[in-house]
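Engineer: compute the structure for the input listed below.
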Amino acid sequence: INLQAQQTDQKLDTKNLFRNVCGFCHEDYGRKQGKGPPLMNNPNTDEFLANRIKKGSPQKGMASFSWLTDEQIREVVASIRRLKPEVEPE
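Structural biologist: Sure thing, here's the model as predicted:
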């Protein structure tokens with residue numbers, strides 16, 4: 001899968017992104033602890049999450065996903081905010 005080839009005007013398939021990329025560290029679509037913390041009910045601001053996704057945090061083992069557009073990053077953050085226990089993400 002080449003997520004980088006997505007057009008900027010095309011909606012990002014965040015479920016697929018979590019399944020194939022984010023899920024290596026944020027298990028169960030970000031709902032459970034993995035190598036990285038759970039993302040569901042994250043207390044940080046949307047701005048913090050967007051910045052962390054875009055720039056990463058090498059000291060915390062978070063890769064940079066700067067290849068995503070700002071709009072796609074907003075979609076990822078919105079997807080994180082919609083996470084609910086035992087409800088399959090869209």
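Engineer: show me what the helix or strand hosting residue 78 is packed up against.
Structural biologist: Residue 78 is part of helix 70-81 when elements are defined by DSSP states H and E. The contact analysis (3 or more Cβ pairs under 8 Å, 6 or more residues apart in numbering; DSSP states H and E) places helix 70-81 against helix 14-20, helix 46-55. Backbone N, C-alpha and C define where each C-beta goes, glycine included.
Engineer: can you redo these as a markdown table with mean neighbour count, distance to residue 90 and mean pLDDT?
Structural biologist: Below are the helices and strands packed on helix 70-81 laid out as a markdown table (neighbours: other Cβ atoms under 10 Å; distance: least, Cβ to Cβ, whole Å; pLDDT from 0 to 100):
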| stretch | mean neighbour count | distance to residue 90 | mean pLDDT |
| --- | --- | --- | --- |
| helix 14-20 | 16 | 6 | 91 |
| helix 46-55 | 15 | 18 | 97 |
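Engineer: of all these, which lies closest to residue 26?
Structural biologist: Residue 26 lies closest to helix 14-20 among the helices and strands packed on helix 70-81, at 7.2 Å (Cβ to Cβ).
Engineer: what's downstream of the closest one, the next helix or strand?
Structural biologist: helix 27-30.
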